[in-house]
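A.B. asks: coordinates for the following, if possible.
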Amino acid sequence: MNKLKNNILIKNIFILLISGAIAKIIGMIGKIVYTRTAGVNIVGLYTLITPTFMLIISICQFSFPISISKLAAEGKHDNKTLLVTAYFIGFIIDIIMMILILLSSRTIAKMLHNEILYKAITSIVLILPFITISSIQRGFLHGKENMLPASVTNITEEIIKIILIIIILPIAVLKSNICAIIAMILFNIITESSSIMIMNHSIKKYLKKDKVKANKKILKDIIKISLPTTLVRLISSMGFFLEPIILTYVLVKNGYSTNYITLEYGIINSYIIPLLSMPTFFSTSIASALLPNITKAYTNKKYKEFNSKLLKLIILSILIGIICLGAIMLFPYKILKIIYKISFGVNYIYLIGPFFLLLYMQPALSVAIQATGKTNKLFYVSLTSTILKYLVLFISGMLGFGMNSLIFAIITGILVTTSLVLIIVLKEINKRT
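C.D. replies: Take a look at the predicted model:
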């Protein structure tokens with residue numbers, strides 16, 4: 001029995017790693033095509049609204065991939081009732097967010113010192129239902145340890161996105177910068193729809209044909225898991241949302257032009273951070289596969305097994321990170337030229353790169369927190385990290401450190417978050433040994 005479970009686990013990790021690697025490579029190709037087709041100005045403007053986009057997505061996803069995965073893995077509820085209840089919660093959140101976006105889009109654009117962006121922010125309302133359904137289905141399939149359909153969709157989404165970028169984006173770019181940004185946002189409708197169709201086909205075999213309604217007990221269980229995790233993400237997303245607003249405010253006050261801020265912010269968040277973050281897909285993929293397994297080990301009080309798997313995951317994440325980061329730090333100009341056809345931003349790589357080794361540990365530590373049911377503590381971790389991060393951004397910006405203020409803030413966020421989460425995990429392990 002244990003051998004069978006290990007085989008399933010190895011198979012799931014293999015599927016996630018291979019599909020993740022393929023999706024990452026295709027995604028990188030898409031990123032190259034996008035940056036070259038759109039140009040630096042459009043990339044910079046799109047990057048400015050990305051924090052707003054991510055904040056909205058974080059709210060609408062309501063941590064469904066985690067809560068539905070956990071509940072589906074436990075098998076205590078009827079599968080169809082679980083999904084229907086999740087859809088019910090998701091659509092209520094979507095409707096509320098649609099109204100809020102429509103009311104606040106102009107205000108957000110003004111705060112970003114780019115009023116033309118309000119149309120792009122408004123267009124986000126159209127993609128919300130698709131994001132919600134997709135996130136619920138992914139969580140369900142992961143909980144059932146059926147990683148293949150969701151992994152396939154990661155690849156198909158990237159392929160479809162590249163096709164759309166090649167065919168539609170050049171036409172949108174010719175019309176205007178804002179049309180190009182709106183097109184990039186609306187591409188999500190097509191990519192998420194394709195994922196929903198693929199995953200829905202696999203989900204059918206787990207469902208009975210009986211008609212069901214949303215269940216209060218399941219609703220409470222979903223909220224109990226999702227709410228604290230979403231609050232944590234909301235704090236991080238809210239901080240990310242405020243990031244360009246604070247940065248623009250302090251730098252404009254120090255005499256920097258909005259064009260310079262848009263350009264440099266685009267370089268850091270669209271080129272440098274994605275490049276340095278690439279190794280996290282390995283640890284995230286393995287962590288996603290291990291979540292049901294580690295949760296069961298902890299629930300069944302098999303603490304030695306829990307500790308062993310967690311330690312292996314952390315070590316593996318760091319080793320992969322060292323190899324990837326080493327290559328980036330040794331050949332930054334060549335890698336930037338090959339991937340993006342640019343040679344600027346290397347100074348940012350040298351400043352921030354070494355601290356990303358700590359970031360590569362976070363997916364493993366996050367799994368441990370979820371498995372031990374200590375997600376409520378992540379709220380305080382995220383709150384502390386976000387406050388300190390953007391306090392550093394504001395103070396260093398006002399002191400005249402320019403765009404390096406953002407780098408200092410990012411480093412602060414990585415150090416504080418990883419340190420606090422590690423302390424929580426170590427305390428929990430010590431209690432059980």
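
A.B. asks: summarise which helices and strands the host helix or strand of residue 391 is packed against.
C.D. replies: Residue 391 is located in helix 375-398, with elements delineated by DSSP states H and E. Counting by 3 or more Cβ pairs under 8 Å, 6 or more residues apart in numbering; DSSP states H and E, the packing neighbours recorded for helix 375-398 are helix 216-253, helix 362-371, helix 404-431. Where C-beta positions appear, they are placed from N, C-alpha and C, glycine not excepted.

A.B. asks: now that helix against helix 362-371, angle please.
C.D. replies: 140 degrees (axes from the mean of the first three to the mean of the last three Cα atoms, to 10 degrees).

A.B. asks: and helix 375-398, how far out from the chain middle?
C.D. replies: Distance of helix 375-398 from its chain centroid, counting by Cα atoms, centre = their mean, to the nearest Å, is 18 Å.

A.B. asks: just stretch 365-381 next, same as before
C.D. replies: Per Cα atoms, centre = their mean, the centroid offset for stretch 365-381 relative to its chain is 17 Å.

A.B. asks: what's the average pLDDT for that stretch?
C.D. replies: Summarised as a single mean, pLDDT over stretch 365-381 is 77.

A.B. asks: what comes up buried for that stretch?
C.D. replies: 365-372, 374-375, 377-379, 381 (16 or more other Cβ atoms under 10 Å).

A.B. asks: now those residues in CSV, with distance to residue 276?
C.D. replies: What follows is those, written out as CSV (distance: Cβ to Cβ, whole Å):
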residue, distance to residue 276
365, 19
366, 19
367, 22
368, 23
369, 23
370, 25
371, 27
372, 29
374, 28
375, 27
377, 27
378, 23
379, 27
381, 22
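
A.B. asks: residue 119 and residue 181, how far apart?
C.D. replies: 8 Å (Cβ to Cβ, to the nearest Å).

A.B. asks: what about the two, which has more around it?
C.D. replies: The residue with more neighbours, out of residue 119 and residue 181, is residue 181; 25 against 16, by other Cβ atoms under 10 Å.

A.B. asks: now the more buried one. Nearest residue, chain neighbours left out?
C.D. replies: Computed as Cβ to Cβ, 6 or more residues apart in numbering, the closest residue to residue 181 that is not its neighbour in sequence is residue 120, at 4.5 Å.

A.B. asks: so that neighbour sits against residue 182, correct?
C.D. replies: Yes - with contact defined as Cβ atoms under 8 Å, residue 120 counts as touching residue 182 (5.2 Å).

A.B. asks: comparing these two, which residue is more hemmed in?
C.D. replies: Taking other Cβ under 10 Å, residue 120 and residue 182 do not tie; residue 120 has more neighbours (27 against 20).

A.B. asks: tell me what the strand or helix carrying the more buried one is packed against?
C.D. replies: Assigned by DSSP H and E, residue 120 falls within helix 118-123. The helices and strands touching helix 118-123, judged by 3+ Cβ pairs under 8 Å, 6+ apart, are helix 40-61, helix 79-111, helix 177-203.

A.B. asks: same for the first one, what does it pack against?
C.D. replies: To tie it back to what came earlier, the one meant is helix 40-61. helix 2-38, helix 79-111, helix 118-123, helix 128-143, helix 177-203, helix 216-253, helix 258-267.

A.B. asks: got a markdown table for the ones you listed, with mean pLDDT too?
C.D. replies: Converted to a markdown table, the helices and strands packed on helix 40-61 look like this (pLDDT from 0 to 100):
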| stretch | mean pLDDT |
| --- | --- |
| helix 2-38 | 70 |
| helix 79-111 | 90 |
| helix 118-123 | 91 |
| helix 128-143 | 90 |
| helix 177-203 | 91 |
| helix 216-253 | 83 |
| helix 258-267 | 83 |
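
A.B. asks: JSON lines for those helices, including distance to residue 166?
C.D. replies: As requested, those are exported to JSON lines (distance: least, Cβ to Cβ, whole Å):
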{"stretch": "helix 2-38", "distance to residue 166": "6"}
{"stretch": "helix 79-111", "distance to residue 166": "29"}
{"stretch": "helix 118-123", "distance to residue 166": "21"}
{"stretch": "helix 128-143", "distance to residue 166": "22"}
{"stretch": "helix 177-203", "distance to residue 166": "12"}
{"stretch": "helix 216-253", "distance to residue 166": "29"}
{"stretch": "helix 258-267", "distance to residue 166": "21"}
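
A.B. asks: quick check: the gap between the closest residue in space to residue 132 that isn't next to it in sequence and residue 213.
C.D. replies: Computed as Cβ to Cβ, 6+ apart, the closest residue to residue 132 that is not its neighbour in sequence is residue 90, at 3.9 Å. According to Cβ to Cβ, residue 90 and residue 213 sit 15 Å apart.

A.B. asks: okay, these two: which has more neighbours?
C.D. replies: residue 90 (22 against 9).

A.B. asks: does the more buried one touch residue 63 like I think?
C.D. replies: No - assessed by Cβ under 8 Å, residue 90 is found out of contact with residue 63, at 11.2 Å.

A.B. asks: returning to that earlier point: so which of the helices and strands packed on helix 40-61 comes closest to residue 150?
C.D. replies: helix 128-143 (4.8 Å; Cβ to Cβ).

A.B. asks: which other helices and strands does the closest one contact?
C.D. replies: By 3+ Cβ pairs under 8 Å, 6+ apart, helix 128-143 packs against helix 40-61, helix 64-74, helix 79-111, helix 147-167, helix 177-203, helix 280-299.

A.B. asks: apply 6 Å and report the result again.
C.D. replies: Where contact means 3 or more Cβ pairs under 6 Å, 6 or more residues apart in numbering; DSSP states H and E, helix 128-143 is packed against helix 40-61, helix 64-74, helix 79-111, helix 147-167, helix 177-203.

A.B. asks: pull the residues that contact it.
C.D. replies: Here helix 128-143 makes contact (Cβ atoms under 6 Å, 6 or more residues apart in numbering) with 57, 60-61, 64-65, 68-69, 72-73, 86, 90, 94, 149-150, 189, 192, 195-196, 199.

A.B. asks: in it, what's buried?
C.D. replies: Buried residues in helix 128-143 (16+ other Cβ under 10 Å): 128-143.

A.B. asks: OK, contacts around residue 332?
C.D. replies: Taking Cβ under 6 Å, 6+ apart, one finds 346, 349 in contact with residue 332.

A.B. asks: gap between it and residue 343?
C.D. replies: Taken as Cβ to Cβ, the span from residue 332 to residue 343 is 9 Å.

A.B. asks: count the neighbours of the residue lying closest to residue 223 once chain neighbours are set aside for me.
C.D. replies: Leaving out its chain neighbours, the residue that sits closest to residue 223 by Cβ to Cβ, 6+ apart is residue 89, at 7.4 Å. Neighbourhood size, residue 89 [other Cβ under 10 Å]: 20.

A.B. asks: so how far is residue 124 from residue 89?
C.D. replies: 20 Å.

A.B. asks: all set now, cheers.
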